[in-house]
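Trainee: build the 3D model from these lines:
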Amino acid sequence: MAILRFPFCKKPARPRDGIADLLQGYSIEVMPRTAAKVEDFRALLPEGTRVYIAHIEGTEIADMVGTAKRLADDGFPVMPHIPARLVADRATLDDWLNRYASEAGVDQALVLAGGSREPAGDFESSMQLLETGLFDKHGMKRLHVAGHPEGNRDIDLDGSTRLVDDAATWKQAFAERTDADMAMVTQFVFEAQPVFDWIARLRAAGVTLPVHVGVAGPAKLQTLLKFAVACGVGPSLSVLQKRAKDVTRLVAPFEPTDVLADLARSRTSDIAGIHVFPLGGIKAAAEYAARVADEASGTTRQPNARP
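Mentor: Alright, predicted model coming up:
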């Protein structure tokens, strides 16, 4: 039977168009133990997706390098975390970077202090790692560093942003003397205004590094609250707290649509991209991004179809 098409029926507006554009080329992250549960990343992520590999305390470097090699062999740009407070000494850093480059073909890294309160050895900040010169030695062509739109109480114990702002200025200066392309990737946020305010403050201070804004992928509200508190998310945490008081929204999984819509409406060249923290699982995050793209384009994806 033919399907009747009525010319007077308007195609519904797709408010997610801007979000889909913003998510184009998003990056995501995975841990070795969760990567081991993914049968085929090529069936899950768009071709060319940059995949960060989170280095959590207790993870063996062999597992990190093995995960990096697997993803690189599948054609994904791989960006392992290099957390300063987990690196024992210069020789360890040299060995890690050599293994990433020689065994997995890695040429980029996210350099950060790391979540540990106490350093395992000689380093406690990303700046100390970068100053070794080892990233240039091992041909790291792209380096990302952490950004903190809402501050970081592990760094500024008084609740200010003085030290993280000073660090951003230092990172800008380093970017001007390294051959690597540099950018900042932020902690995940739940509202856009703190990001815009922070970027404006950076630019006023002469920090011109591109910014990749972190958002939390779909997850249960309780899961997000737990991670947000543990990771030191600032004032935008109130978005989750308000949602928790609304019983009609308490059961439904949180999706980052609202914050992405606000970022998309006010997007400037200062926002280089979106980084998705898959707190509810990498599959849920990837499916959300694919669904947003489908809704914007008006297409319907077949089950298990590659994004």
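
Trainee: which residue ranges form the helices in the stretch 51-200 of the chain?
Mentor: Per DSSP state H, counting those that start in this stretch, the stretch 51-200 of the chain carries helices over the ranges 61-73, 90-104, 126-131, 134-137, 162-175, 193-204.

Trainee: make that the stretch 201-307 of the chain, sorry
Mentor: Along the stretch 201-307 of the chain, the segments classed as helices by DSSP H, counting those that start in this stretch run 221-230, 237-244, 247-250, 257-265, 282-297.

Trainee: can you flag the weakest of those helices by average pLDDT?
Mentor: Among the helices of the stretch 201-307 of the chain, helix 247-250 carries the lowest mean pLDDT, at a mean of 48.

Trainee: where does this protein dip in pLDDT?
Mentor: Flagging of the chain using pLDDT under 70 yields the residue ranges 1-17, 151-161, 223-252, 267-268, 297-307.

Trainee: could you identify the longest strand within it?
Mentor: Using DSSP state E, we find that the single longest strand of the chain is strand 181-189.

Trainee: mind listing what's buried along that one?
Mentor: Neighbour-count burial for strand 181-189 flags 182-189 (criterion: 16 or more other CB atoms under 10 Å). Glycine gets a C-beta too; all of them are placed from N, C-alpha and C.

Trainee: for residue 202, which non-adjacent residue is spatially closest?
Mentor: Nearest residue to residue 202, sequence neighbours excluded (CB to CB, 6 or more residues apart in numbering): residue 168, at 5.9 Å.

Trainee: residue 147 is in contact with that neighbour, correct?
Mentor: Yes - Residue 168 lies in contact with residue 147 (CB atoms under 8 Å); the separation is 7.0 Å.

Trainee: residue 170 against residue 125, yeah?
Mentor: No - in this structure residue 170 lies outside contact range of residue 125 using CB under 8 Å: 9.3 Å.

Trainee: returning to what we had before: elements contacting the longest strand of the chain?
Mentor: If you count contacts as 3 or more CB pairs under 8 Å, 6 or more residues apart in numbering; DSSP states H and E, strand 181-189 packs onto strand 142-147, helix 162-175, strand 211-216, strand 271-277.

Trainee: what is the burial count for the nearest residue to residue 196 once chain neighbours are set aside?
Mentor: Distances taken as CB to CB, 6+ apart place residue 266 nearest to residue 196, at 6.4 Å, with adjacent residues excluded. Using other CB atoms under 10 Å, residue 266 is surrounded by 12 other residues.

Trainee: number of nearby residues for the residue lying closest to residue 197 once chain neighbours are set aside?
Mentor: Nearest residue to residue 197 in three dimensions, chain neighbours excluded: residue 149, at 7.5 Å (CB to CB, 6+ apart). When counting by other CB under 10 Å, one arrives at 30 neighbours for residue 149.

Trainee: now do the contacts for residue 149.
Mentor: With contact set as CB atoms under 8 Å, 6 or more residues apart in numbering, residue 149 has these partners: 186-187, 189, 194-195, 197-199, 234.

Trainee: got any residues that touch both of residue 168 and residue 147?
Mentor: Residues touching both residue 168 and residue 147 (CB under 8 Å, 6+ apart) are residue 184.
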